[in-house]
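[1] Show me the folded form of this:
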Amino acid sequence: MNIRTSLSKRWKASRLPIVFYHTTFIKNALLMLKEEKIIANKGNSICKEKNGLVSLSDRLTKGIIEFFGNVVFEFNALSLYMKNKSIIPRDYRISEDEVDKYDELPFFENEWVAHREIEFDFKDINKVLFIRDLEFRELAFEDIIRILKRNNIEFCFLHEKWLPDNILPDITRYFFRVENWRKFINEKIY
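    As a prediction, the model looks like this:
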């Protein structure tokens, strides 16, 4: 059995996500496509924390869009992981017994991280979602669309009102993610 097949079986058996999302602003998206990499803390973001981490998500919410931007790259999770083995779920080291000790848990929507940068090929991108609202219409994404068309990458427009709200942290999802990751790391398939 080759490494990719073995890794794929472990990934699926551990019930890890099939896609990772990376959300960014238009200006950053053009640079990402040009360099075929996502570099931590490069470009515009409301988040000014220079933590050296590239954030990924396994879900989309209005909160993620409001905080990180209106261009969403949907990547094949396993393909991206195979090129970037530093991708891991963010682990706050909180046990299920400790949840009641926190008034507000320190969770955030982007729960997968990689240090410094993530490299990708165009074939790793499943599609790109352009989130529209009153400020951003189809014309705002024109330059990115040209690059996507040239590389046969699917894209679509989605109004932000169709995204779910993220009012409360998803505690159950956090524990599920961390537990499944540990299973993936420790599982042996021959």
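[2] use CA for all of it now, contacts and neighbours both
    Noted.
[3] Name the nearest residue to S86, sequence neighbours excluded.
    A114 (5.3 Å; CA to CA, 6 or more residues apart in numbering).
[4] Show me what the helix or strand hosting the one you found is packed up against.
    Using DSSP states H and E, A114 falls within strand 112-115. Applying 3 or more CA pairs under 8 Å, 6 or more residues apart in numbering; DSSP states H and E, we find strand 112-115 packed against strand 53-56, strand 88-89.
[5] Among those, which comes closest to N2?
    Closest to N2 of the helices and strands packed on strand 112-115, according to CA to CA: strand 88-89, at 22.6 Å.
[6] That closest one packs against which elements?
    With contacts taken as 3+ CA pairs under 8 Å, 6+ apart, strand 88-89 sits against strand 112-115, helix 171-186.
[7] Then R59 would be within a strand, right?
    No: per DSSP: H, G, I helix; E, B strand; the rest coil, R59 lies outside any strand segment and is coil.
[8] ok, now how distant is it from K37?
    To K37, R59 is 21 Å away according to CA to CA, to the nearest Å.
[9] In CSV, list the helices and strands packed on strand 112-115 along with mean neighbour count, distance to I171 and mean pLDDT.
    Formatted as CSV, those follow (neighbours: other CA atoms under 10 Å; distance: least, CA to CA, whole Å; pLDDT from 0 to 100):
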stretch, mean neighbour count, distance to I171, mean pLDDT
strand 53-56, 22, 17, 88
strand 88-89, 19, 14, 92
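[10] can you tell which of those strands is closest to E160?
    Nearest to E160, of all the helices and strands packed on strand 112-115, is strand 53-56, at 18.7 Å by CA to CA.
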